[in-house]
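In: got a sequence here, can you build the structure:
(one chain, ligands or ions: 1)
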Amino acid sequence: MASARKTTKKKSILTDKSLDFLKHYHNTHSPVGFETSGQRVWLDYIKPYIDTFLTDAYGTAVGVIQPQEKFKVVIEAHADEISWFVNYINPDGLIYLKRNGGVDHQIAPAKRVLIHGKKGIVKAVFGWPAIHTRLNNPEAKEPQPKVDNLWLDCGARSKKEVEALGVKVGCVVTYEEGFDELANGHYIARAFDNRIGGFMIAEVARLLKENKRKLPYALYIVNAVQEEIGLRGAEMIARRIKPDIAIVTDVTHDTTTPMISKIVEGEIACGKGPSLATAPAIHNKLLDFVSNVAEKKKIPVQWRSLSRSTGTDTDSFAYANDGCPSVLISIPLRYMHTTVEMLHRSDIENTIQLIYETLLALTPKTDLKYL
Ligand SMILES: [Zn+2]
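Out: Predicted coordinates for the structure are as follows:
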């Protein structure tokens, strides 16, 4: 842990304070629809670097620099994390769930979770039949975890006991695991998707402030809620801000681990820089602009193509209002939607740098006209 930090410390744009924020923010639970505690941590960190902030009805938080300027640029990430909902409590006190976002049933057995109960956190585990008992199955076929055969065991042995702990239908459930560091600059966490985005846009704000860089437009640093259930927070805030340009950041798959088809998914790897994508929603001229900045500043990028939808908040911004030139800058990530999402520190730094340098190069006069 310490050695990794020592070797990269000198030339790193990340400070000890920002790394502490990175850990604390990732360890704060922020399930879809209940993002407030994460948003508080994020706003507290970003406040010294912004002029003002706003929040909306569903909890999207926005730091604003130079709100008096008419031309508006957004940099955006999403604040929510995939999770589960308590759906049914059986007479034996076992708890059945519903997904809240694309949480992965295959990784669930034997995981520890936190139920966000009415009286506070209740610890529980995903139960699963022991290997011995499973093998007695007459079909000699291993049962596969599915939403309807997964249950939580919190130690209560009746529905009444569950309810006495403050656990009710509708309570949200998150995995327990948090941030950690592996060899060679690799980090793991439960919700890099997309808390790392919130971290990176906050760092862009910090760098602008600390390097005393003044932009010729208003900058809106948006940490949107409810991305994981359909890009909803971005949809709401895009209508409110009505930006002229949106730069969205999210995670994308590292496709170089086993059992992923590069023919289908393209080739992207952790440690080789942020990923730029083409798609109809991604504005060609803005994309060229970002790509030129990367080339000029010698920031490595990796390319992929998307089609009808980018599956990110880019779609919400692009198609909001009268159409907003939008671009997506993604950070490669292994094991998305598991509790051990993994990324590389150099990609964090290069993605921050690419967003930062793009902002410095943009002006309200940047020509983005197609015709
Ligand atoms: Zn996601």
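In: can you pull out the low-pLDDT segments for the stretch 101-250 of the chain?
Out: 135-137, 139-140 (pLDDT under 70).
In: buried residues in stretch 41-61?
Out: 41, 42, 43, 45, 46, 49, 50, 56, 59, 60, 61 (16 or more other C-beta atoms under 10 Å). Placement of C-beta: from N, CA and C, glycine included.
In: which element is the fifth one on?
Out: Taking DSSP states H and E as the definition, residue 46 sits inside helix 36-46.
In: settle this for me: residue 246 is touching residue 319, isn't it.
Out: No: counting by C-beta atoms under 8 Å, residue 246 stays clear of residue 319, with 10.8 Å between them.
In: higher neighbour count, these two?
Out: A direct count of neighbours by other C-beta atoms under 10 Å for residue 246 and residue 319 places residue 246 higher, at 28 against 16.
In: number of nearby residues for the nearest residue to the more buried one once chain neighbours are set aside?
Out: Of all residues not flanking residue 246 in the chain, residue 317 sits nearest, at 3.7 Å (C-beta to C-beta, 6 or more residues apart in numbering). As a burial measure, residue 317 scores 31 neighbours (other C-beta under 10 Å).
In: ditto for residue 229
Out: Neighbours of residue 229 using other C-beta under 10 Å come to 16.
In: mind listing what it touches?
Out: Residue 229 sits next to 32, 33, 100, 101 when contact means C-beta atoms under 8 Å, 6 or more residues apart in numbering.
In: please identify which of those is nearest to residue 347.
Out: Residue 347 has its nearest neighbour among these in residue 101, at 23.3 Å by C-beta to C-beta.
In: for stretch 138-152, buried residues please.
Out: Using 16+ other C-beta under 10 Å as the test for burial, stretch 138-152 gives 145, 150, 151, 152.
In: tell me, what residue is most central in the chain?
Out: By C-alpha atoms, centre = their mean, the chain has its centre lying nearest to residue 194, at 0.6 Å.
In: look up the pLDDT of the residue nearest to residue 246 for me, please.
Out: Residue 317 is assigned a predicted lDDT (pLDDT) of 97.
In: then the one 4 residues further on?
Out: Model confidence at residue 321, given as pLDDT, is 92.
In: my read: it touches residue 239, true?
Out: Yes: here residue 321 reaches residue 239: they are 6.4 Å apart, a contact under C-beta under 8 Å.
In: sorry, back to before: can you give the contact residues for the helix holding residue 46?
Out: Contact partners of helix 36-46, identified using C-beta under 8 Å, 6+ apart, comprise 21, 24-25, 28-30, 53, 55, 59, 61, 63, 79, 81, 195, 198, 202, 205-206, 221, 223, 225.
In: now that helix - C-alpha only, CSV.
Out: Taking Å, rounded to 0.1, in the frame of the first residue of the first chain, the C-alpha atoms of helix 36-46 are listed here in CSV:
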residue,chain,number,x,y,z
THR,A,36,-27.5,11.3,-0.1
SER,A,37,-24.7,10.1,2.1
GLY,A,38,-22.3,9.8,-0.8
GLN,A,39,-23.4,13.1,-2.2
ARG,A,40,-22.6,14.8,1.2
VAL,A,41,-19.1,13.4,1.2
TRP,A,42,-18.6,14.5,-2.4
LEU,A,43,-20.0,18.0,-1.8
ASP,A,44,-17.9,18.5,1.3
TYR,A,45,-14.7,17.7,-0.7
ILE,A,46,-15.5,19.8,-3.7
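In: and that helix, how far from the chain's centre?
Out: 14 Å (C-alpha atoms, centre = their mean, to the nearest Å).
In: mean confidence for the very next helix or strand once past it?
Out: Sequence-wise, the next helix or strand downstream of helix 36-46 (DSSP H and E) is strand 52-55. Averaged over strand 52-55, pLDDT sits at 98.
In: partners of strand 52-55 in the sheet?
Out: For strand 52-55, the paired strands and their directions (DSSP bridges) read strand 61-65 (antiparallel).
In: how far off helix 36-46 does the strand it pairs with point, in degrees?
Out: 20 degrees (axes from the mean of the first three to the mean of the last three C-alpha atoms, to 10 degrees).
In: show me where the stretch 251-371 of the chain has helices.
Out: 262-265, 284-296, 313-318, 345-361 (DSSP state H, counting those that start in this stretch).
In: identify, from the buried residues of stretch 138-152, the entry nearest to residue 353.
Out: residue 145 (40.3 Å).
In: which SS class is that closest one?
Out: What DSSP: H, G, I helix; E, B strand; the rest coil gives for residue 145 is coil.
In: cool, and the one 3 residues further on?
Out: Using three-state DSSP as the criterion, the local structure at residue 148 reads helix.
In: now residue 201
Out: At residue 201, secondary structure determined by three-state DSSP is helix.
In: OK, contacts around it?
Out: Counting by C-beta under 8 Å, 6+ apart, residue 201 has contacts 75, 76, 77, 221, 222, 223, 249, 355.
In: could you rerun that using 7 Å?
Out: Going by C-beta atoms under 7 Å, 6 or more residues apart in numbering, residue 201 touches 75, 77, 221, 249.
In: so what pairs up with the first one in the strands?
Out: By that I understand residue 75. residue 221, residue 247.
In: that one is in contact with residue 224, isn't it?
Out: No: the criterion here is C-beta atoms under 7 Å, and residue 75 misses it with residue 224 at 11.3 Å.
In: neighbour count winner among these two?
Out: More crowded of residue 75 and residue 224, by other C-beta under 10 Å: residue 224, with 33 against 27.
In: for residue 201, see how far away that one is.
Out: Counting by C-beta to C-beta, to the nearest Å, the separation of residue 224 from residue 201 is 11 Å.
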